[in-house]
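Peer 1: following is a predicted model, sequence given first.
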2 protein chains.
Amino acid sequence: MPTTNRQILLNGRPDGEPKASDFRLGEAPIPKPGPGQFLIRNHYLSLDPFQRGRMNANWRYGRKLEIGDVMIGSTVGEIIESYHPAWRTGTFVEGLLGWQEYALHDGEGGRQDYGPGLTRVDPKVAPVSTALGVLGTSGETAYWSIIDVAKPRPGDTVVISGAAGAVGTIAGQICKILGARVVGIAGSDDKVDYITRELGFDAGINYKTTPNLLDTLRQYCPDRIDVYYDNVGGEIADMMFRHLAKGARYIVVGRIANYNDAKPRLMPDLFPLIMTSRAQVHGFIVFDYEDRIREARAQLARWIDDGKIKYRETIAHGLENAPAAFMSMLKGGNTGKQLVKLFPDAR
Amino acid sequence: MPTTNRQILLNGRPDGEPKASDFRLGEAPIPKPGPGQFLIRNHYLSLDPFQRGRMNANWRYGRKLEIGDVMIGSTVGEIIESYHPAWRTGTFVEGLLGWQEYALHDGEGGRQDYGPGLTRVDPKVAPVSTALGVLGTSGETAYWSIIDVAKPRPGDTVVISGAAGAVGTIAGQICKILGARVVGIAGSDDKVDYITRELGFDAGINYKTTPNLLDTLRQYCPDRIDVYYDNVGGEIADMMFRHLAKGARYIVVGRIANYNDAKPRLMPDLFPLIMTSRAQVHGFIVFDYEDRIREARAQLARWIDDGKIKYRETIAHGLENAPAAFMSMLKGGNTGKQLVKLFPDAR
């Protein structure tokens, strides 16, 4: 039995893109559970853009990290020692347990991704890593934002940025299930191939190699854009307002392009275009669907079983490689969900 | 019977705020109606912010004006000579007849404010001038944007900019009827007195004399803003995103602050705030309710009869004074609806 708990700690506040020295590999003794507690050995760590925001000194939404704190992040792991009657050894759980190999818990708290609590994970339903992706927060985000907010109708044209990412891949496939036309924007030809050939998106655009993105959008979306689903933000997101259909829904799900900004970038005043297009811009955060987790997960699991939703994971190996994988993910290095497999024998 | 039709023509394209030399008083013979036509003598001309946009060379939404064109605008007038069986002499009509004293028509076309058609006005229901204001486009804009889009609930906090204007005064009173708390933003102490003492708004803020508007908003809206109703745009509108309640509705009805801009002003990227507040930003244009005009007008007329809605008109006298009244209105010189009474004997 090892005695060391390796952890990735916040070592500095990034100025723009994070760099290796903003993180530090620390070692602590594996904690010993007391009465009513249990010890979790983490198998997979989830890397997500929101974690970048928490590294900022001026972060105001949710818990901010202090220098020396264990980096915030969700993991899935197995209870390996328990002094709590309701949480037995061998149970898999998901929770906001941080960038570390082991964590203590007492089973208290609310919804795991949004609060300090845990969710049980059934390894018979799907690989446990999916509890961090398609059957976790990424899938729930895609599900509720599309089903309850974007509400594409059959034949609607949906444009998705970050289309090959953890949320974009699932969101696009849900739109296809609902009968919409889906155009994905991604950052490499491989990603475009993946979303069009494997996931069935109607078209894909590599924004890095497309000289005039607006012209290309006009070509792929001759009836304009009914739903714009934004995982990214930045100038590409601004541009969409110039090609929205009347009454379009513009869903703000993620702004990865903004997380590195020290202060808000300036953008052209888009409100006149919002007015003339009668667009509806919706801010979305999955927290609001905390009481409907099971509904989303059950439907997503059925669609996976039926072959209607596919998912991919980009996996780094070993906690020490989490910072590099995180920095890569922020630049679009991943396809699908970016995970870190913490032990060679992880399930 | 006079023979001269005085008209205000576009004489130059304004660079920023319009100036007197951008307009020209022209004279044309009063046109002679042919078979199937009729002649209208205009009584009142409506001055509206949208007319400023149409003066720009790069205007792309709706009909743009060319140099020498009669300025665009709605009027209410009386048919004084008719060779059309369905439109009889003595009938009052409202239509987009331009900044001029007389106009020909054939009764064809769609909805008057939005197309070339006419609406009949019953002088027994209310003064005919109200067909340009509270019982016209201004009232309809307020009605549908509040009833169908903003949908304030009892106890909600609504903030309205341009609160003493033609639309803001009516929108705020409808919110009060629905049980909301209403805070109005206006540009003078007199306007603040008017909306709070006469119209029953819960509070008013003179933005020109308030040193820290955001602090004042926090004080008047301790539970944040559930509905922001924007007639104005600009930096004040941007600021509201910092004090929105979760799930707030932000209705973009007018952007008077932007109409003078030669190119879009830059603003801070507000989308992260839209995301974290889960706000819904709605663009609104009253055109979309063309087929429900009667419903809005009937309800507004009932509320006026019941004393639940009051209205005010700021009236300039004589067509030659229309440009000065228009320039004044763009700077907030009006309270309620800005009109021009075209003849001393107008009803």
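Peer 2: On my side now, so go ahead.

Peer 1: how about the residues of chain A by chain B?
Peer 2: Residues of chain A found near chain B (Cβ under 8 Å from any Cβ of the partner chain) are A:61, A:230, A:233, A:237, A:252-255, A:258, A:261, A:264-285, A:288. (Glycine included, C-beta is placed from N, CA and C.)

Peer 1: switch the cut-off to 6 Å
Peer 2: A:61, A:233, A:252, A:255, A:258, A:264-269, A:271-272, A:274-283 (Cβ under 6 Å from any Cβ of the partner chain).

Peer 1: from the residues you listed, list the buried ones, please.
Peer 2: Among those, those classed as buried by 16 or more other Cβ atoms under 10 Å in any protein chain shown are A:233, A:252, A:255, A:258, A:267-269, A:271-272, A:274-283.

Peer 1: what's the spacing between stretch A:261-269 and its chain's center?
Peer 2: On the basis of Cα atoms, centre = their mean, to the nearest Å, stretch A:261-269 sits 23 Å off its chain's mean C-alpha point.

Peer 1: can I get it in CSV, CA atoms only?
Peer 2: Output of stretch A:261-269 as CSV, limited to C-alpha atoms (Å, rounded to 0.1, in the frame of the first residue of the first chain):
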residue,chain,number,x,y,z
ASP,A,261,-8.1,37.4,-20.7
ALA,A,262,-6.8,39.5,-17.8
LYS,A,263,-9.6,42.0,-18.5
PRO,A,264,-12.6,41.8,-20.8
ARG,A,265,-11.7,42.2,-24.4
LEU,A,266,-13.5,44.9,-26.4
MET,A,267,-16.0,43.9,-28.9
PRO,A,268,-18.2,45.8,-31.4
ASP,A,269,-21.6,46.7,-29.9
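
Peer 1: pLDDT score for A:Arg52?
Peer 2: At A:Arg52, the pLDDT value in this model is 93.

Peer 1: give me the pLDDT value at the residue nearest to it when sequence neighbours are not counted.
Peer 2: In space, and not counting its chain neighbours, A:Arg52 is closest to A:Tyr259: 4.2 Å by Cβ to Cβ, 6 or more residues apart in numbering or on different chains. What the model reports as pLDDT for A:Tyr259 is 73.

Peer 1: distance check, A:Tyr259 against A:Phe284.
Peer 2: Separation of A:Tyr259 from A:Phe284 (Cβ to Cβ, to the nearest Å): 16 Å.

Peer 1: in the stretch 201-347 of chain A, which spans are helices?
Peer 2: A:213-220, A:234-239, A:271-277, A:293-305, A:322-330 (DSSP state H, counting those that start in this stretch).

Peer 1: and the shortest one, average pLDDT?
Peer 2: Looking back up the chat, that one is helix A:234-239. 93.

Peer 1: buried set for it?
Peer 2: Applying a neighbour-count criterion of 16+ other Cβ under 10 Å, one finds A:234, A:236-238 buried in helix A:234-239.

Peer 1: how would you label the most centrally placed residue in chain A: helix, strand or coil?
Peer 2: Centrality entry for chain A: nearest residue to the mean C-alpha point is A:Ser138, 4.6 Å, by Cα atoms, centre = their mean. Of the three states, A:Ser138 takes helix according to DSSP: H, G, I helix; E, B strand; the rest coil.

Peer 1: so it is in contact with A:Gly168, correct?
Peer 2: No - in this structure A:Ser138 lies outside contact range of A:Gly168 using Cβ atoms under 6 Å: 9.4 Å.

Peer 1: quick one: pLDDT of the residue in the stretch 51-200 of chain A that chain B sits nearest to?
Peer 2: Nearest to chain B in the stretch 51-200 of chain A, going by Cβ to the nearest Cβ, is A:Tyr61, at a distance of 5.0 Å. A:Tyr61 is assigned 71 on the pLDDT scale.

Peer 1: now it: closest residue in space that isn't a chain neighbour?
Peer 2: A:Tyr61's closest residue in space is B:Thr276 (Cβ to Cβ, 6+ apart), at 5.0 Å.

Peer 1: what about the helices in the stretch 51-200 of chain A?
Peer 2: Using DSSP H, counting those that start in this stretch, the helices of the stretch 51-200 of chain A run over A:137-144, A:166-177, A:189-193.

Peer 1: would you list those helices in a markdown table and tack on mean pLDDT?
Peer 2: Supplementary listing: those in a markdown table, determined by pLDDT from 0 to 100:
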| stretch | mean pLDDT |
| --- | --- |
| helix A:137-144 | 96 |
| helix A:166-177 | 98 |
| helix A:189-193 | 98 |
